[in-house]
Structure formats: C-alpha cells, structure tokens
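> I need the structure of the sequence given here:
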Amino acid sequence: MTIRAEPTSSRRTLVKGLGAALAGALAIPNVLRQASAQDKTLVVYNFDGILGKFIKEAWIDPFAQKHGVRIETLTMQGSSPPMSKIKAQIEAGRPDADVIPMQLTDYVFAVRNNLLVPIGREEIKEYRNLYPEFITEHGPGLILWSYGIAYNTEHIKTPPTQWKDLWNPQFKDKVALNEALFEQAVQMVNLAWKGHPTPVDDETFTHLAKLRSNLLTLWTTGAQAEQLMRTGEVWISPLWNGRVFTLKDQGVPIDFIKPQEGIFVRFDPYCIPKGARNPELAKEWIDFICQEEPQRALAERLYYASPNKKVTYSPEIAQRVVVSNPADIKLAVKEDYEAIVDHLGEWRRRWDAWKQS
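Sure, this is the predicted structure:
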C-alpha cells in the first residue's frame, strides 16, 4: 500500500555564530536544555512474545542508550493495538503512546478517523533507502510477515501442503486458529475452499463449522501460539513465519510451509498519534529502526523481511523471510483492507455466533 505524503517542515534550527561574550550567559540554559532532552520519555506500543523481546533488545534499548532517553513500552495483545481505546484517548487529547505499530486494517481505521500525524518523506532520512511500496503517509511499513502453516514435525511426518489440510481428520483436537486476527482466519477458510479470500458468507461459516472437530483452541496472542506449539498441545496452526523459525532454532520440532492456495503477507505501519507528547523524538526513533543495522538484525534473528533496500539476505535467510523483495509481495494473496474494515462488524458478529454454536 503506497500513500504519498505531502512535504512538511518541522526541523528545529540551531542558533550559530554567537560571540564568545555570550558563552557564559548561555552555559546554564544549555545545560538545562540538555537535561530536559535526557529526561524525555518515549512511549511505544510493542508486541508480545519473541518479537516484542527482540524489539526491546535491538530497537528500543540501543536507541535509548545512545540518546540518553527513556523508552517505555505498552504490550499489545494479539499483535494489534486497542484502536477503540486509542481513538478515545486521541479525541480527548491524551494518547498514551508516541508510536503505534498497527495492522493494516487498524491503519485504515486510524486514517478514516483522522487519528495520525502525517510524516513527510523528508522528515525520516532513512526513507531514501526504503522501497516506496512500504512508505505510507503516516509512517514506514516494517516487519514484513508471512502467514502460512506451522506444523509439528514429530507428530506430522508428511508435511501439509495446503490450507485444506487443517480439515484432515488425523488432526482431530490438534488444530488452533488465530482469534486475534479473526478476519484473516475467515479469509483463510475462503482461500482453502473458494480459491479467493472474499466474500465472507454462509459458505465460509459452513466450512468453518466442519473444522470444529479438529479445533482444540483459539489463540489470542502470538506468545500463546508459541507456547501451544512448544508444548505439542497443538500440532498444526496458521502462524507467522518469524515466530515459527525462531521456535525451530530453539529446538522445537516445528516447520513452516507456504500453502499451495497462497500465503498472506502483511506489514505494520509505525505511526505517531495526534497529540503525542514527543513527536520529534518519535520520528528520530522511527528513523533509527528503519536503518540497515536494526532491519538486518530483524531478518537474521527473527526472519521477518525488511523494506530497506540495503538489507540483503543469505540463501538460508531468504528462504526463511519468505518474501525478500516487492516482487515476492506481489505473489501473495491480495487483501482489500478497506473492504475488510467495511465488513468487520458483520464478520465479527458471525464469528462470535460460530464460537457459541
């Protein structure tokens, strides 16, 4: 999704060329300004589980130490920020965070409700190295994740090849689905049985009902999904590539496949809410996390692809990140995020009715 931003100017200017006679008079104010900058606190929403731990270690702590600032985190449940709560806070002029990574459906909601600060392309220096497809009007699209099938290699000797395999009777009580991003779950059902993600209708829920005998649970956070796969309670589930390969590196008998019907690929725009307390510091942090080194670390440690053109991948890493350039993205399942948001209430009502049936 490419949404162009209009240039704006928000850079502070530095007073230069002052004579030596003013040095003494300015010494104390300068010290106070430096202390004030060091006292600044940046608040960012962060993911849970493995991904959240990485972001703190590789994106948050190094920036905080380098710039002498404090960064506090608010953990998202289910990899999605609480948009209704955030909307109410912004409308009241008191958002609780300075930076919010969000799902693309959340981004559509935020744009429609005028919740975000536009970021001009000249305000983030590292934009010059990003593929333009991943720059929105309100922030960069980071953490390119692929949504395929995770499976337990000890219990499932023949790897699954398609989404329809979730309905295989041999997986009775061993399947889990993503409750947090239920809209992607219902699109997956459609992809398996209709060949395209929409519309979500009676046929969708008829197929979903047939999955019930295989379904052990619905997971609501990435950390919960990790634990279900780690303990072997669940043998097979839709899951994000990065979490799968990180578990595999930890010795968990798990692997990831790209279903024949297609994979879902998304990214997370990192945005600044209107009324943020430290928007300039937020932009500095966003610029930092877009840079080659933090982005390379993400790919090499958690196998999420980067929008930074300077990040290259070894053959092994390229296989694990699944999508290593915009051409790969174009092969993914096309999702209409505007339509998803338009129908989300109806889909939620039907999803909740299915759970209770």
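
> check which helices and strands the longest strand along the chain sits against.
Using DSSP state E, we find that the single longest strand of the chain is strand 139-152. In this structure, strand 139-152 packs against strand 236-240, helix 241-249, strand 254-257, strand 264-271, helix 279-290, with contacts taken as 3 or more CB pairs under 8 Å, 6 or more residues apart in numbering; DSSP states H and E. Where C-beta positions appear, they are placed from N, C-alpha and C, glycine not excepted.

> now with 6 Å?
Applying 3 or more CB pairs under 6 Å, 6 or more residues apart in numbering; DSSP states H and E, we find strand 139-152 packed against strand 236-240, helix 241-249, strand 254-257, strand 264-271.

> mind listing the helices for the chain?
Assigned helices in the chain, in chain order: 23-38, 49-55, 61-67, 83-91, 104-112, 182-193, 202-210, 222-231, 241-249, 279-290, 292-302, 315-321, 326-329, 337-356 (criterion: DSSP state H).

> any chance of those in CSV, plus distance to I119 and mean pLDDT?
Conversion of those to CSV gives the following (distance: least, CB to CB, whole Å; pLDDT from 0 to 100):
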stretch, distance to I119, mean pLDDT
helix 23-38, 21, 38
helix 49-55, 20, 92
helix 61-67, 17, 97
helix 83-91, 16, 97
helix 104-112, 13, 96
helix 182-193, 27, 96
helix 202-210, 37, 97
helix 222-231, 27, 94
helix 241-249, 25, 93
helix 279-290, 7, 98
helix 292-302, 18, 96
helix 315-321, 26, 92
helix 326-329, 21, 78
helix 337-356, 19, 95
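
> could those helices go into CSV alongside distance to G120 and mean neighbour count?
What follows is the helices of the chain, written out as CSV (distance: least, CB to CB, whole Å; neighbours: other CB atoms under 10 Å):
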stretch, distance to G120, mean neighbour count
helix 23-38, 23, 10
helix 49-55, 25, 20
helix 61-67, 21, 14
helix 83-91, 20, 16
helix 104-112, 16, 20
helix 182-193, 31, 22
helix 202-210, 41, 15
helix 222-231, 33, 20
helix 241-249, 30, 23
helix 279-290, 10, 20
helix 292-302, 21, 19
helix 315-321, 29, 17
helix 326-329, 22, 14
helix 337-356, 23, 14
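
> of all the ones you listed, which lies closest to Y127?
Nearest to Y127, of all the helices of the chain, is helix 279-290, at 7.3 Å by CB to CB.

> can I get that closest one as PDB, trimmed to CA atoms?
Extracted C-alpha coordinates of helix 279-290, given in PDB (Å, rounded to 0.1, in the frame of the first residue of the first chain):
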ATOM      1  CA  PRO A 279       6.500  13.600  18.200                       C
ATOM      2  CA  GLU A 280      10.000  14.700  17.200                       C
ATOM      3  CA  LEU A 281      11.700  12.100  19.400                       C
ATOM      4  CA  ALA A 282       9.200   9.600  17.900                       C
ATOM      5  CA  LYS A 283      10.400  10.500  14.400                       C
ATOM      6  CA  GLU A 284      14.000  10.100  15.500                       C
ATOM      7  CA  TRP A 285      13.300   6.600  16.800                       C
ATOM      8  CA  ILE A 286      11.300   5.700  13.700                       C
ATOM      9  CA  ASP A 287      14.300   6.800  11.500                       C
ATOM     10  CA  PHE A 288      16.600   4.700  13.700                       C
ATOM     11  CA  ILE A 289      14.600   1.500  13.400                       C
ATOM     12  CA  CYS A 290      14.300   1.900   9.600                       C
END
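
> quick one: contacts of that helix?
40, 42, 59, 63, 98-99, 123-126, 140, 270, 272 (CB atoms under 6 Å, 6 or more residues apart in numbering).

> circling back to that earlier point, dump the helices and strands packed on strand 139-152 into a markdown table; add distance to R112 as well.
Below are the helices and strands packed on strand 139-152 laid out as a markdown table (distance: least, CB to CB, whole Å):
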| stretch | distance to R112 |
| --- | --- |
| strand 236-240 | 26 |
| helix 241-249 | 29 |
| strand 254-257 | 34 |
| strand 264-271 | 13 |
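
> which one of these lies nearest to N308?
Going by CB to CB, the one of the helices and strands packed on strand 139-152 nearest N308 is strand 264-271, 12.2 Å.

> what lines up beside the closest one in the sheet?
Here strand 264-271 has these sheet partners by DSSP bridges: strand 100-101 (antiparallel), strand 139-152 (antiparallel).

> how does the protein divide into domains?
24-144+266-325, 146-265+334-356 (automatic domain parsing).

> hang on, the earlier thing: mean pLDDT added to the strands paired with strand 264-271, as a markdown table?
Converted to a markdown table, the strands paired with strand 264-271 look like this (pLDDT from 0 to 100):
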| stretch | mean pLDDT |
| --- | --- |
| strand 100-101 | 98 |
| strand 139-152 | 96 |
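
> wait, isn't A332 in contact with F267?
No. Under the criterion of CB atoms under 6 Å, A332 is not in contact with F267, lying 11.0 Å apart.
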